[in-house]
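*Asks:* Sequence plus the predicted model coming up.
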Amino acid sequence: MELVTCEEYAKSRGLPVVTVRGYCRNGIIPHLRIGRAYKLDPPLVDEALSKVMHENMEYRPNGIKRNNQRRKNFDFDFEAALNAL
């Protein structure tokens, strides 16, 4: 088990360092904290991230990601807007 820093892990995976540190702070990925530094085991982190991403992603049959936020129906009065001009 070879531990790496957040910077090394982020660089090797093409992720922002701030994101990796945030995942550590929020307990999303397994880590070992030594002083102020987070130490990561890359295979464990990869497994945890793939599991979290899989749980958070919902796909339609055509492969397009669903938007979980519903569009709100805004009653917009076009005539009032035109009259205001």
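*Replies:* On my side now, so go ahead. Everything quoted here is computed from the prediction, not taken from an experiment.
*Asks:* Which parts of the protein are helices?
*Replies:* Here the chain has its helices, by DSSP state H, at 6-13, 17-25, 42-56, 78-84.
*Asks:* Dump those into a markdown table; add distance to Ile34, mean pLDDT and mean neighbour count as well.
*Replies:* Bear in mind the C-beta positions are built from the backbone N, C-alpha and C, glycine included. Converted to a markdown table, the helices of the chain look like this (distance: least, C-beta to C-beta, whole Å; pLDDT from 0 to 100; neighbours: other C-beta atoms under 10 Å):
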| stretch | distance to Ile34 | mean pLDDT | mean neighbour count |
| --- | --- | --- | --- |
| helix 6-13 | 12 | 95 | 16 |
| helix 17-25 | 12 | 93 | 16 |
| helix 42-56 | 16 | 85 | 12 |
| helix 78-84 | 59 | 70 | 8 |
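*Asks:* Can you lay out these as CSV showing distance to His31?
*Replies:* Below are the helices of the chain laid out as CSV (distance: least, C-beta to C-beta, whole Å):
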stretch, distance to His31
helix 6-13, 8
helix 17-25, 5
helix 42-56, 8
helix 78-84, 52
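*Asks:* Next one: Arg33 from Ala80, what distance?
*Replies:* 57 Å (C-beta to C-beta, to the nearest Å).
*Asks:* I should have written Ala48 there, sorry.
*Replies:* 52 Å.
*Asks:* ok, now Glu2?
*Replies:* Distance of Glu2 to Ala80, given as C-beta to C-beta: 65 Å.
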